[in-house]
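In: Attaching a predicted model along with its sequence, questions to come.
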Amino acid sequence: MGERRYFGTDGIRGRANSHPMTPEVALRVGLAAGRMFMSSDDRRHLVVIGKDTRLSGYMIEPALVAGFASAGMDVLTFGPLPTPGVAMMTRSMRADIGVMISASHNAYLDNGIKLFGPDGYKLSDEVELKIESMMDQALDEGLAPPDKLGRVKRIDDSQARYIEIAKASFPKGLSLQGLRIAIDCANGAGYKVAPTTLYELGAEVFSVGVEPNGLNINADCGSTHPQALAEAVRRHKAHIGIALDGDADRVIICDENGQIVDGDQIMTMVALDWAKRGLLVGGGVVATVMSNLGMERALNAAGLTLERTQVGDRYVMERMREGGFNMGGEQSGHIILHDYATTGDGLMSALQVLAVLVESGRAMSDLARQFEPVPQLLENVRFTTGKPLQDAGVKAAIAAAEARLDGGGRLLVRPSGTEKLIRVMAEGDDAALVKSVVADVVAAVKAAG
């Protein structure tokens, strides 16, 4: 695979108004992706563009629009819409490509550009690299003639469409009547659609993080700062709390006491419910190497499997498609329900939790502990040179650590994808052993690096 200059693990991302998150790069993305997805037939070609609530979206969006239109593509802009909504609309409006302008759970200082193919899935590495190779061409290459320029329109009903699709994912015959729900929309892309969906399904809704001003996205709110949600739950005596991140593709739940429920517990709860109702496809769930061993044991006890991939929702999605699974996700609350969406969807995942809550008639605190998490410890070790994981001392330390855990736990040692860091994670039933194993491996990595 070639060296990536623009695209990272989740599209192009960076500090707003400095490389690569500049109007010029956005223009180049529009030109390159536009040229790439324009086929030779003479039909009109279409790109759809959504964004979150960051101030820099006002700068990135017009630059992308100009690039696509000058390549000859028609453009529909949605305004603020969750990432999964943009993926869905790409497919349902028969667009050739979809674009989401967002840096997800990062602060407003950052922004990003995420691309979806006509099938609503994130583009493959190969296609991204092809687009990259076209991005540095001269800006006046491959432009459409004056009579073939794209037309641009703002679509006002995209949010209403998404709300209807989200509501349709909630089991027929169930209602949220009588439920008090606190929701924190992170001052982000879900600030209108999420509370409206819950209200229309019958709930009494208490919203926080629904006053975006361009600078307050994810600021002390949303799924990365669940304290704001926990406080709202207690203040409004809600039965459950739901926190989305800035682009609404991940969710964290809290119970009526304000206790946080992470993605592993959510996936286990919904998977066991789906399995009982004959809705779980693939005989298990796809998660990453970070998901807790307790989750694996809980699924195994119910006759289900847990398949693990490397960290990153695109790898989870790839494995789900290969193996025919309809549920997967990450501990961080990035949950993919393949029956309804082609990427993580915080609102739809929350609706599945609400369905279990309503059907069971139990309190959320009863349902929140699907399994006892096994003690898990993660340490990051900085290194300056070389490849510590190839060092003989490190290899010996890892082998010794695995022998000490002896099947009663897991050890995971991996390099960070973005920084000079080695991540050392261990988990097992014996917390003291886990701590000692991590310390030994960390010491070996430090000695090598």
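Out: That came in fine, so what should we check first?
In: Could you use CA atoms for every contact and neighbour count after this?
Out: OK.
In: immediately after the strand or helix carrying Arg410, which helix or strand?
Out: Per DSSP states H and E: Arg410 is located in strand 409-415. Per DSSP H and E, strand 409-415 leads on to strand 421-428 as the next helix or strand towards the C-terminus.
In: For that next one, which helices and strands make contact with it?
Out: Contact partners of strand 421-428 among helices and strands, from 3 or more Cα pairs under 8 Å, 6 or more residues apart in numbering; DSSP states H and E: strand 376-382, strand 409-415, helix 431-448.
In: Serialize the ones you listed to CSV and add fields for mean neighbour count and mean pLDDT.
Out: Formatted as CSV, the helices and strands packed on strand 421-428 follow (neighbours: other Cα atoms under 10 Å; pLDDT from 0 to 100):
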stretch, mean neighbour count, mean pLDDT
strand 376-382, 17, 94
strand 409-415, 18, 93
helix 431-448, 18, 94
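In: Out of those, flag the one nearest Thr83.
Out: Distance to Thr83, taken as Cα to Cα, is lowest for strand 409-415 among the helices and strands packed on strand 421-428, at 28.0 Å.
In: what's the angle between the closest one and helix 431-448?
Out: Computed by axes from the mean of the first three to the mean of the last three Cα atoms, to 10 degrees, the angle separating strand 409-415 from helix 431-448 equals 20 degrees.
In: ok, what's across the strand from Ile336?
Out: Gly328 (DSSP bridges).
In: what about the protein, any weak spots by pLDDT?
Out: 1-3 (pLDDT under 70).
In: For it, which segments count as helices?
Out: 23-37, 57-70, 83-92, 125-135, 158-168, 193-200, 227-236, 263-276, 293-301, 313-323, 346-360, 364-368, 392-405, 431-448 (DSSP state H).
In: got CSV for those helices, with distance to Ala103 too?
Out: Listed next are the helices of the chain as CSV, based on distance: least, Cα to Cα, whole Å:
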stretch, distance to Ala103
helix 23-37, 14
helix 57-70, 10
helix 83-92, 10
helix 125-135, 18
helix 158-168, 20
helix 193-200, 19
helix 227-236, 21
helix 263-276, 20
helix 293-301, 29
helix 313-323, 15
helix 346-360, 15
helix 364-368, 29
helix 392-405, 35
helix 431-448, 31
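In: To Ala144, which of the ones you listed lies closest?
Out: Across the helices of the chain, closest to Ala144 is helix 57-70 (Cα to Cα), at 5.9 Å.
In: who does the closest one touch, helix- and strand-wise?
Out: Using 3+ Cα pairs under 8 Å, 6+ apart, helix 57-70 sits against helix 23-37, strand 46-51, strand 74-80, strand 97-101.
In: 6 Å instead?
Out: Using 3 or more Cα pairs under 6 Å, 6 or more residues apart in numbering; DSSP states H and E, the elements in contact with helix 57-70 are helix 23-37.
In: what about Ala287, how many neighbours?
Out: 34 (other Cα atoms under 10 Å).
In: Let me know whether it touches Gly329 as I believe.
Out: Yes. If you go by Cα atoms under 6 Å, Ala287 and Gly329 touch, sitting 5.1 Å apart.
In: How about Asp119: what's its closest non-neighbour residue?
Out: Arg91 (5.4 Å; Cα to Cα, 6 or more residues apart in numbering).
In: Contacts only, for that neighbour.
Out: Applying Cα atoms under 6 Å, 6 or more residues apart in numbering to Arg91 gives the contacts 118-120.
In: Out of the residues you listed, grab the one that's most surrounded.
Out: Gly120 (25 neighbours).
In: among the helices and strands packed on strand 421-428, which is nearest Glu141?
Out: So among the helices and strands packed on strand 421-428, strand 409-415 is nearest, using Cα to Cα, at 39.6 Å.
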